[in-house]
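Asks: sequence plus the predicted model coming up.
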Amino acid sequence: MKYKTALTIAGSDPSGGAGMQADLKTFSALAVYGTSAIVAIVDENTQGVYGVHPVPVDFVAGQIRSVIDDIGADAVKIGMLHSSELILTVLNSLKSYPSIKNIVLDPVMVATSGDPLLEPEAVDTLRSSLLPYCRVITPNLPEASILLGKTIDHQDQLEDAARELSTINGANISVMLKAGHLECDKLTDIFYNAETRNVLRLTSNKINTRNTHGTGCTMSSAIAAYLAKGASLDNAARLAKDYINAAIEAGARYEIGKGHGPVHHFYNLWK
């Protein structure tokens, strides 16, 4: 017997709600064996980010190599990559394993608290080098605005923006464009499947809660987990949307920390 496996390449969150910790919780909740390559140790809690201690890039490459050579990866989720050097290291490491196709990138640039997580010069490297190599990217509206160089802040912009993101640098990337920053009662995320040219409109009620720490990490990890289990792109997007919505709703009533608390990753397991 073999587990389905997913590798997260991300920074840590000592408060347990985002980053590598959120990724591993999501993989576990969705019955996928999670492994990790830590790119940075982050001084963070529910109220903010206070420091980032990068792991040397050679050591990051070593973690990726050690995990894949031994265990393999049915999918890879990439989170916070704070520098151009690190972005290129991760890209070149993954290129050594061309059979791994299910690469999901959450282009993390700003924390829920508003703290920047990506060096400004690294945005161009992310856009030009790593994005085109991925199968799926999962930007929120501020991240999409940075990547496209224009403001995306209305629901009627999302479908065109997803299509435009899909072809950055001549690529063919599927895009989950998340609508969570919109101020409306119903949110419609747009999933553009670049492989079929199909558009999914995934609508949910906006949940009134401040417990949104790690929602982006969790959504992208859920897509990676479902792809690892063999789901089609459209089904992975639908199932991930259902999972994150239920996790937000289940965690809305809890109080963890003094700021933006986490979602409830194990809502379907904890009774």
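Replies: Happy to help now that I have it.
Asks: tally of neighbours for the nearest residue to M219 once chain neighbours are set aside?
Replies: The spatial neighbour of M219 that comes closest, neighbours along the chain excluded (C-beta to C-beta, 6 or more residues apart in numbering), is I244 at 4.7 Å. Just so you know, the C-beta spots here come from the backbone N, C-alpha and C atoms, and that holds for glycine as well. By the measure other C-beta atoms under 10 Å, the count of residues near I244 is 27.
Asks: and what of V49?
Replies: Neighbourhood size, V49 [other C-beta under 10 Å]: 21.
Asks: I'd say it and I41 touch.
Replies: No. In this structure, V49 is not within contact of I41 by C-beta atoms under 8 Å, at 11.8 Å.
Asks: thinking again about what came up before, which ones are touching the residue nearest to M219?
Replies: Counting by C-beta atoms under 8 Å, 6 or more residues apart in numbering, I244 touches T215, T218, M219, A222, V263.
Asks: and for C134?
Replies: By C-beta under 8 Å, 6+ apart, the contact list for C134 reads I78, I103, V104, L105, I173.
Asks: gap between it and G16?
Replies: C134 is 26 Å from G16, where distance means C-beta to C-beta, to the nearest Å.
Asks: and if you look at P56?
Replies: Using C-beta to C-beta, P56 is found at 25 Å from G16.
Asks: check L233 too.
Replies: For L233, the distance to G16 - C-beta to C-beta - is 29 Å.
Asks: okay, the two: which has more neighbours?
Replies: A count of neighbours by other C-beta under 10 Å puts L233 above the other of L233 and G16, at 23 against 20.
Asks: thought the more buried one was touching K101?
Replies: No. In terms of C-beta under 8 Å, L233 does not count as a neighbour of K101; the distance is 11.1 Å.
Asks: what's the overlap in contacts for these two?
Replies: Here L233 and K101 have R135 as joint contacts, going by C-beta under 8 Å, 6+ apart.
Asks: longest helix in this protein, please.
Replies: helix 233-251 (DSSP state H).
Asks: check which residues of that helix are buried.
Replies: Within helix 233-251, the residues scored as buried using 16 or more other C-beta atoms under 10 Å are 233-234, 236-241, 243-245, 247-251.
Asks: where does the stretch 1-150 of the chain dip in pLDDT?
Replies: For the stretch 1-150 of the chain, the stretches flagged by pLDDT under 70 are 110-117.
Asks: just the strands in it please.
Replies: For the stretch 1-150 of the chain, strands defined by DSSP state E, counting those that start in this stretch occupy the ranges 5-10, 33-38, 40-45, 48-54, 75-78, 103-105, 136-137.
Asks: buried sites along the longest one?
Replies: In this case it means strand 48-54. By neighbour count on 16+ other C-beta under 10 Å, the buried set for strand 48-54 is V49, V52, P54.
Asks: and the residues you listed, which is closest to K25?
Replies: For the buried residues of strand 48-54, the residue nearest K25 by C-beta to C-beta is V49; the value is 19.4 Å.
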